[in-house]
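Novice: What would the 3D arrangement of this be:
(chains A and B)
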There are 2 protein chains.
Amino acid sequence: MYDYIRDGAEIYRQSFATIRAESDLSAFDPDTETVVVRMIHACGQTDLTDDVIATAAVVSSARSALAAGAPILCDATMVAAGVTRRRLPADNEVRCFLSDPRTPELAAQLATTRTAAAVHLWEPHIAGAVVAVGNAPTALFELLTLIDQGFPHPAAIVGAPVGFIGAAESCAALANRTDLEFITVLGRRGGSAITAAALNALASSVE
Amino acid sequence: MYDYIRDGAEIYRQSFATIRAESDLSAFDPDTETVVVRMIHACGQTDLTDDVIATAAVVSSARSALAAGAPILCDATMVAAGVTRRRLPADNEVRCFLSDPRTPELAAQLATTRTAAAVHLWEPHIAGAVVAVGNAPTALFELLTLIDQGFPHPAAIVGAPVGFIGAAESCAALANRTDLEFITVLGRRGGSAITAAALNALASSVE
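Specialist: Sure thing, here's the model as predicted:
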């Protein structure tokens, strides 16, 4: 017989209390802190704080947009699957265009990854949207390039692609932008779980 | 303009080469190494090797089961969403019972989390299945308890729940089993991305 806590609400309470006790969250305002706490919860690492950069208004911008019904645009189906629908304030659409039938041809035409090609299909939806890139550095680079070329601005970007080729560079590129509201994870860490956790914190201030 | 690699196959090749160059994979046989490399790829951390424990036959057991058509049973929809369907050798079913209509009542009845309750619904499917727990420690504890109570044995378990309450303890409990084939991540790390990456490596030996 194993002895463990079975009460889901109590597990959450103790998890967040442990994170707050062990993490240095002093760099973040109270709203951003709730987002960072959930990101730490998703990866089990309190030192994620060392790598998180957020603009001062990213949380308020994302929350206003979602309250007004903005969609969430994701680079990967895993990110979309990780959004807890009951936390969304306006039954917001959560969309991923990776398996859109137009994506493979677009990728071939643009000579890039399918994930980056799918970003082009965000165009009719991106003005004021909440955008989440949790997998592919190429998607984040493509998004920044398209914004430079005149794409409408999203309300907020969660940019946390993961890995060894391009992840650190794409997050650094996002962190250098002064025209966007964003939260990012510098370096190689990131991924769909951390990204979905950030979205879930942006969706609702309820812990 | 950003300068970055746009060729998906080349990104994978360089990613796996970087992981192999920077990680100490000496503790793993060649088959297990392919799984651990993908798990590292999913979290961006070469030191994940310190925490991975795998039984000698977990890879062969999982691959034989999947080749014979065994289902994959997941604790979370994110894990299920992360399985690359085209890598599956027999168009295997990938199932998650978290949103099954029976789960909430079962959770209330058993006084446990919905994720743990959903494990009970694996019973008709679990004999010889590949099981993946990437989110909830309670699901892994419940699985081990049910196996002790007579549940049929799965072919392999990927056990990598994440977080601060129960994750380390549930993975340690799995690591102590001598009656099961498993791969686990000791400590607080884990999560749906690492777990799905392990499944994708078990599904196919193709890198």
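Novice: contacting residues for the spatially most central residue of chain A?
Specialist: Closest residue to the average C-alpha location of chain A: residue A:158 at 3.1 Å, with Cα atoms, centre = their mean. Shown here is residue A:158, whose contacts under the criterion Cβ atoms under 8 Å, 6 or more residues apart in numbering or on different chains are A:130, A:131, A:132, A:133, A:134, A:182, A:183, A:184, A:195, A:198, A:199, A:202. Glycine gets a C-beta too; all of them are placed from N, C-alpha and C.
Novice: repeat that for 10 Å
Specialist: Contact criterion Cβ atoms under 10 Å, 6 or more residues apart in numbering or on different chains gives A:35, A:39, A:54, A:58, A:62, A:72, A:74, A:79, A:130-134, A:174, A:182-185, A:190, A:194-199, A:201-202 as the residues in contact with residue A:158.
Novice: Wait, a strand at it?
Specialist: Yes - membership of residue A:158 in a strand is supported by DSSP: H, G, I helix; E, B strand; the rest coil.
Novice: among the contacts of residue A:158, which are in reach of chain B?
Specialist: Contacts with chain B are made by A:79, A:134, A:185, A:190, A:194, A:195, A:196, A:197 out of the contacts of residue A:158, judged by Cβ under 10 Å from any Cβ of the partner chain.
Novice: Just to be sure, which of the contacts of residue A:158 are found in helices?
Specialist: Secondary structure defined by DSSP state H assigns A:35, A:39, A:58, A:62, A:79, A:174, A:194-199, A:201-202 of the contacts of residue A:158 to helices.
Novice: Would you map the helices across chain A?
Specialist: Listed from the start of the chain, chain A has helices (DSSP H) covering A:8-22, A:30-43, A:58-67, A:77-81, A:103-110, A:114-120, A:137-148, A:167-175, A:192-203.
Novice: can you list these in CSV and add mean neighbour count?
Specialist: Converted to CSV, the helices of chain A look like this (neighbours: other Cβ atoms under 10 Å in any protein chain shown):
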stretch, mean neighbour count
helix A:8-22, 15
helix A:30-43, 22
helix A:58-67, 21
helix A:77-81, 24
helix A:103-110, 15
helix A:114-120, 25
helix A:137-148, 24
helix A:167-175, 21
helix A:192-203, 29
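Novice: Among these, single out whichever gets nearest to residue B:118.
Specialist: Evaluated with Cβ to Cβ, these place helix A:8-22 nearest to residue B:118, the distance being 12.4 Å.
Novice: got the angle for the closest one vs helix A:30-43?
Specialist: Here helix A:8-22 runs at 110 degrees with respect to helix A:30-43, directions being taken by axes from the mean of the first three to the mean of the last three Cα atoms, to 10 degrees.
Novice: elements contacting helix A:8-22?
Specialist: helix A:30-43, helix B:114-120, helix B:137-148 (3 or more Cβ pairs under 10 Å, 6 or more residues apart in numbering or on different chains; DSSP states H and E).
Novice: Pull out the CA atoms of the second one and give them to me as CSV.
Specialist: To tie it back to what came earlier, the one meant is helix B:114-120. The C-alpha atoms that make up helix B:114-120 are tabulated as CSV, following Å, rounded to 0.1, in the frame of the first residue of the first chain:
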residue,chain,number,x,y,z
ARG,B,114,-10.0,12.2,-11.6
THR,B,115,-6.7,11.1,-13.1
ALA,B,116,-6.3,8.3,-10.6
ALA,B,117,-10.0,7.3,-11.0
ALA,B,118,-9.5,7.1,-14.8
VAL,B,119,-6.8,4.4,-14.3
HIS,B,120,-9.6,2.0,-13.1
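Novice: hmm, back to that, I'd like the helices and strands packed on helix A:8-22 as CSV, with mean pLDDT and distance to residue A:93 appended.
Specialist: Compiled in CSV, the helices and strands packed on helix A:8-22 are given as follows (pLDDT from 0 to 100; distance: least, Cβ to Cβ, whole Å):
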stretch, mean pLDDT, distance to residue A:93
helix A:30-43, 98, 21
helix B:114-120, 98, 25
helix B:137-148, 98, 29
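Novice: quick one on the thing from earlier: separation between the residue nearest to the centre of chain A and residue A:100?
Specialist: Using Cβ to Cβ, to the nearest Å, we find residue A:158 at a distance of 21 Å from residue A:100.
Novice: Equivalent analysis for residue A:161, please.
Specialist: 20 Å.
Novice: these two touch, right, residue A:204 and residue A:31?
Specialist: No - under the criterion of Cβ atoms under 10 Å, residue A:204 is not in contact with residue A:31, lying 12.0 Å apart.
Novice: what do the two both touch?
Specialist: Shared contacts of residue A:204 and residue A:31, counting by Cβ under 10 Å, 6+ apart, come down to residue A:63.
Novice: So for residue A:106, what's the pLDDT?
Specialist: pLDDT, residue A:106: 98.
Novice: Who's the closest spatial neighbour of residue A:88, skipping the chain neighbours?
Specialist: The spatial neighbour of residue A:88 that comes closest, neighbours along the chain excluded (Cβ to Cβ, 6 or more residues apart in numbering or on different chains), is residue A:203 at 5.1 Å.
Novice: How about residue A:138?
Specialist: Across the structure, with Cβ to Cβ, 6+ apart as the measure, the residue nearest residue A:138 apart from its sequence neighbours is residue A:116 (4.0 Å).
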